[in-house]
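**Student:** below are the sequence and a predicted model for it; my questions follow.
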Amino acid sequence: GITPSGMFDTDTQTRARLNAQLSDSTPAASTVAVFSLIPDTFYVKINDIVKVTAQGGVPPYKFSAPVGELNNIPGNSTAVFFKAPGAEGNIVVVVTDATGARKTTTLTIVSSLTVNQLNADIAPVSNYAIFPSGGLEPYIFTVTNGLGTVTAQGVYTTVGQGMAAIRVDDASGQTLTVQL
């Protein structure tokens with residue numbers, strides 16, 4: 001690559017930065033195209049910790065978020081740990097590489113999935129309503145063990161005596177199992 005007169009540079013990252021500055025002060029198209037964040041979109045429970053990783057672009061990276069905590073990972077300059085705040089909402093994490101290229105990822109903060117009761121005794125040939133809360137709608141109900149059926153609204157109908165297990169999944173990937 002071309003080195004500005006009067007400068008001696010053997011550092012690869014610095015050369016890449018100078019080359020980008022020499023070409024119109026804009027990062028090379030191939031550099032921007034591969035610059036990304038993992039995860040691209042992600043669900044995080046309140047107060048949980050997730051890893052956000054930058055790839056491509058030109059290190060070093062600078063991470064920022066308006067709320068929550070960003071903590072460096074010792075020995076890892078391409079990722080940080082993000083601790084979600086104590087309230088639901090969307091948080092945009094921004095990473096900027098050495099050339100000034102920016103990428104964002106949206107973290108959706110959700111509360112923990114809960115149901116009205118995880119264990120219940122019910123009479124044979126009866127109905128039992130499962131009421132989920134928290135997590136992220138829509139909820140999906142599935143009979144995973146036993147006889148009976150469950151509606152899309154979470155009403156389980158027994159067909160006789162015996163145990164049953166109904167799994168409740170939410171849109172953020174959380175799962176609970178109700179034992180009846």
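**Tutor:** Yep, that arrived. Numbering: from 1, shown residues only.
**Student:** helix or strand for the residue positioned nearest the centre of the chain, which one?
**Tutor:** The centroid of the chain falls nearest to Phe42 when counting by C-alpha atoms, centre = their mean (2.2 Å). Assessed by DSSP states H and E, Phe42 sits inside strand 41-45.
**Student:** in its sheet, what does that strand sit against?
**Tutor:** Here strand 41-45 has these sheet partners by DSSP bridges: strand 102-110 (parallel).
**Student:** same question for the partner strand, mean pLDDT?
**Tutor:** Strand 102-110 carries an average pLDDT of 89.
**Student:** can you list the strands that the helix or strand just after that strand pairs with?
**Tutor:** Downstream of strand 102-110, the first helix or strand assigned by DSSP H and E is strand 114-115. Strand 114-115 has these partner strands in its sheet, going by DSSP bridges: strand 132-133 (antiparallel).
**Student:** ok, and what's touching the strand it pairs with?
**Tutor:** If you take C-beta atoms under 8 Å, 6 or more residues apart in numbering as the criterion, strand 132-133 is touched by Leu113, Thr114, Val115, Tyr139, Gly154, Val168, Asp170, Leu176. The C-beta positions use only the backbone N, C-alpha and C, and glycine is treated the same way.
**Student:** which element is the last one on?
**Tutor:** Here Leu176 sits within strand 175-179, counting by DSSP H and E.
**Student:** which helices and strands sit right next to that strand?
**Tutor:** Contacts defined by 3 or more C-beta pairs under 8 Å, 6 or more residues apart in numbering; DSSP states H and E place strand 175-179 against strand 114-115, strand 165-169.
**Student:** and the average pLDDT for it is what?
**Tutor:** 96.
**Student:** so how far is it off the chain centroid?
**Tutor:** Averaging C-alpha positions (C-alpha atoms, centre = their mean, to the nearest Å) puts strand 175-179 22 Å from its chain's average.
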